[in-house]
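> need a structure here:
(chains A and B)
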There are 2 protein chains.
Amino acid sequence: MYLALLTLVEAGDEVLIPNPGFVAYPTITRMTGGCPTYYQLPASNDFSFDLDEFKLRLSSKTKVVVCTSPSNPTGRTLSRDELSGMAQAVAESGSGAFIISDEIYRDLYYTGERPASISEFYPRTVVISGLSKSMCMTGWRLGWILGDPGVIAAAHLLHGYVTTCASTVSQKAALAAWSQEASEARQQHRNTFQRRRDHLVGLIRNECDLRCVTPEGAFYTMVDIGRYGSSMEVAEAMLEAGVVTVPGNAFGSEGEGFLRCSFCADLPVLTEGVARMTAALKSLR
Amino acid sequence: MYLALLTLVEAGDEVLIPNPGFVAYPTITRMTGGCPTYYQLPASNDFSFDLDEFKLRLSSKTKVVVCTSPSNPTGRTLSRDELSGMAQAVAESGSGAFIISDEIYRDLYYTGERPASISEFYPRTVVISGLSKSMCMTGWRLGWILGDPGVIAAAHLLHGYVTTCASTVSQKAALAAWSQEASEARQQHRNTFQRRRDHLVGLIRNECDLRCVTPEGAFYTMVDIGRYGSSMEVAEAMLEAGVVTVPGNAFGSEGEGFLRCSFCADLPVLTEGVARMTAALKSLR
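Reported below is the predicted structural model:
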């Protein structure tokens, strides 16, 4: 993401970012001289894409639109219709903007079918992905950028000065991700995460009596804790109870009133975590 | 280097760079919004440090001075007196500049004693180093930055957005560099490179009849090919003869008239390389 924005953004350009969205987007935008602007994924509609609101945020200064599907923090994906609508809106805006499609979670889906990419609908798309999530290879630091040859040539040049290259050992290890074995591992991985998702979402609704988003991908659910206090207050109470969550407002104003809860852990750990959350909520009442 | 300059440089700041010096310094300076300025290491004096000329290049806008010892491309080191003189000059300039000390070649020396670091003479020094050269671990991409805690805290924050972190595997592998075995390997490595240096420098002087710099560190010698044509012309002739060199002007105007020749290869390869160079030079006469 840093390299993509460093490549595309000039001083004063607007970068249109989802709210809520990954915490690093606004900071990286400012580091590359850009100005972050935001389109809302309304909490009131389980953080679905809102095409009408999105259109209002496009301007002649919009240089880049960030599209994240599946989303961190919401786990929501954009449907083919939504991606098509977003693409058409950007094309019709006359801004000539690029879309950066952050697809780091694209192989973690629970809908039976791999989510579509906005690159299918919009030619000026730069795709960012990597092996951190799909292959549990976070520590290997292996990612990639795809797009127009001119953009990639510029990104490659800048990459040489910023990081030289990814570690050779990581590049060699990464080749395993294109094997049959890895393809089967990804399917198993999805099955595991789907069980964890169903387990966590069920417990939060039944044990905590809280509303939460059913994620279609990634490994997070947004939990509505608005009636107990601010995101930060409730997250701190959870931390004291020994449960790490992320306050929703860290992802933008639209995340206020929510906690991002991860289901990376095994089922017994999730069960224990929700038990502690339930106890913590009682103390907040 | 990119992270260090990104951390220290604001738009319009001057970064004072050695001429000749590593090719990436000016580009990285511009990427971080700075303006490259240069101090000369005169070719006429085998690229020694010239304190008087250096003082003339310091200005109130100098934010960073880059000090490289041993140098790429020249292989020269700065003596304790020269480092002390540089430190005093920067201190007395009133610019409050930082010195970035690029010490990537500091463990490759042929003088009996490890070269001094300017950090011993100037407190506002940021040291850059890594395992690429001293441990032949180039592909592992493992480096570090040392300095004032405030600078390091800022660099650490930016690092999180630029590259997140070095690969975990590389970090674990790097621990071997602080073992007794690695210490012995570094000594062997120095001995190997000293033999290669003496072999190459001898052949260039005796077989090619060319003047070249006796490097005190790193693994390069600057070869004076001025009487055969420009750096680029002669480098291209060498390339046609199957010998890769780097034209000296790639490192700055002071490198014009020279070729940077590496002695990373084994003795027979160096012998063959010089034989080809000798033949190529005949065709240029």
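> Check the burial of the residue of the stretch 151-285 of chain A found nearest chain B by counting its neighbours.
Distances between the stretch 151-285 of chain A and chain B by C-beta to the nearest C-beta are smallest at A:Thr168, namely 3.2 Å. In this view, the C-beta of every residue, glycine as well, is placed from N, C-alpha and C. Using other C-beta atoms under 10 Å in any protein chain shown, A:Thr168 is surrounded by 14 other residues.
> Touching, it and B:Trp140? I think so.
Yes. Using C-beta atoms under 8 Å, A:Thr168 is in contact with B:Trp140, at 7.2 Å.
> Report how many residues lie close to A:Glu53.
Neighbours of A:Glu53 (other C-beta under 10 Å): 12.
> ok so it is a helix residue?
Yes. Under DSSP: H, G, I helix; E, B strand; the rest coil, A:Glu53 falls within a helix.
> who does the closest residue to it other than its chain neighbours bridge with?
Closest residue in space to A:Glu53, ignoring its immediate chain neighbours: A:Gln40 at 5.3 Å, by C-beta to C-beta, 6 or more residues apart in numbering or on different chains. As for beta bridges, A:Gln40 partners with A:Asn19 under DSSP bridges.
> Over to A:Ser129. Which of the three states is it?
A:Ser129 ends up strand, using three-state DSSP.
> Distance of it relative to chain B?
Per C-beta to the nearest C-beta, to the nearest Å, A:Ser129 is found 15 Å from chain B.
> Which pLDDT value belongs to that residue?
In this prediction, A:Ser129 carries a pLDDT score of 98.
> Now do the helices in chain A.
A:2-8, A:24-31, A:51-57, A:80-93, A:149-162, A:168-174, A:180-206, A:231-240, A:267-284 (DSSP state H).
> packing partners for the first one?
Helix A:2-8 makes packing contacts with helix A:24-31, strand A:62-68, strand A:98-102, strand A:125-130, helix A:149-162 when contacts are defined by 3 or more C-beta pairs under 8 Å, 6 or more residues apart in numbering or on different chains; DSSP states H and E.
> out of those, nearest to B:Glu92?
For these, proximity to B:Glu92 was assessed by C-beta to C-beta; helix A:149-162 is nearest, at 32.5 Å.
> Would you point out which residue is most central in chain A?
The centroid of chain A falls nearest to A:Asn72 when counting by C-alpha atoms, centre = their mean (2.6 Å).
> contacting residues for it?
A:Gly21, A:Phe22, A:Ile104, A:Tyr105, A:Ala218, A:Tyr220 (C-beta atoms under 8 Å, 6 or more residues apart in numbering or on different chains).
> Compute the number of surrounding residues for A:Pro111.
If you look again at residue A:111, you'll see it is Thr, not Pro. The number of residues packed near A:Thr111 is 13, by other C-beta under 10 Å.
> is it true that A:Glu256 touches A:Glu233?
No. With contact defined as C-beta under 8 Å, A:Glu256 does not reach A:Glu233; the gap is 11.2 Å.
> Who has more neighbours out of those two?
Legend: neighbour count by other C-beta under 10 Å for A:Glu256 and A:Glu233, higher for A:Glu256 (17 against 13).
> and the residue of the stretch 1-150 of chain A found nearest chain B, how many residues sit next to it?
Nearest residue of the stretch 1-150 of chain A to chain B: A:Gly139, at 3.2 Å (C-beta to the nearest C-beta). Neighbour count of A:Gly139, defined by other C-beta under 10 Å: 17.
> per-residue pLDDT, A:Arg285?
75.
> Tally up the residues packed near it, please.
Going by other C-beta under 10 Å, the residues that sit close to A:Arg285 add up to 6.
> What parts of the stretch 1-150 of chain A come near chain B?
Within the stretch 1-150 of chain A, the residues that sit near chain B (C-beta under 8 Å from any C-beta of the partner chain) are A:Tyr2, A:Ala24, A:Thr27, A:Ile28, A:Met31, A:Gly139, A:Trp140, A:Arg141.
> The closest residue to the third one other than its chain neighbours: what's it in contact with?
Looking back up the chat, that one is A:Thr27. Leaving aside its sequence neighbours, A:Thr27 sits nearest to B:Tyr161 (C-beta to C-beta, 6+ apart; 5.8 Å). Applying C-beta under 8 Å, 6+ apart, we find B:Tyr161 in contact with A:Tyr2, A:Ala24, A:Thr27, A:Ile28, A:Met31.
> just A:Ile100 next, same as before
A:Met1, A:Ala4, A:Leu5, A:Leu8, A:Val64, A:Val65, A:Val66, A:Cys67, A:Thr125, A:Val126, A:Ile128.
> beta partners of the fifth one?
In this case it means A:Val64. A:Val15, A:Phe98.
> how many neighbours does it have?
Based on other C-beta under 10 Å, the number of other residues close to A:Val64 is 24.
> Please give me every residue in contact with it.
A:Leu5, A:Leu8, A:Val9, A:Asp13, A:Glu14, A:Val15, A:Leu16, A:Gly34, A:Ala97, A:Phe98, A:Ile99, A:Ile100.
> quick check, nearest of those residues to A:Ala153?
Distances from A:Ala153 to the contacts of A:Val64, taken by C-beta to C-beta, are shortest for A:Leu8, at 13.0 Å.
> my guess is that closest one meets A:Lys63, correct?
Yes. Counting by C-beta under 8 Å, A:Lys63 is a contact partner of A:Leu8 at 6.3 Å.
> Can you give me the pLDDT of the nearest residue to A:Ala279 once chain neighbours are set aside?
Ranked by C-beta to C-beta, 6+ apart and with sequence neighbours excluded, the top spatial neighbour of A:Ala279 is A:Ala241, at 6.2 Å. Looking at A:Ala241, its pLDDT is 97.
> neighbours of A:Trp178, just the number please.
8.
> Report pLDDT for the residue of the stretch 1-150 of chain A closest to chain B.
The model reports A:Gly139 with a pLDDT of 95.
> Let me see the contact set for A:Cys67.
For A:Cys67, the contact set (C-beta under 8 Å, 6+ apart) comprises A:Pro18, A:Leu78, A:Leu83, A:Met86, A:Ile99, A:Ile100, A:Ser101, A:Asp102, A:Ile118.
> For it, give me the pLDDT.
In this prediction, A:Cys67 carries a pLDDT score of 98.
> So what's the residue count around A:Asp13?
When neighbours are counted by other C-beta under 10 Å, A:Asp13 comes out with 18.
> Could you do A:Pro18 as well?
Using other C-beta under 10 Å as the criterion, A:Pro18 is surrounded by 28 other residues.
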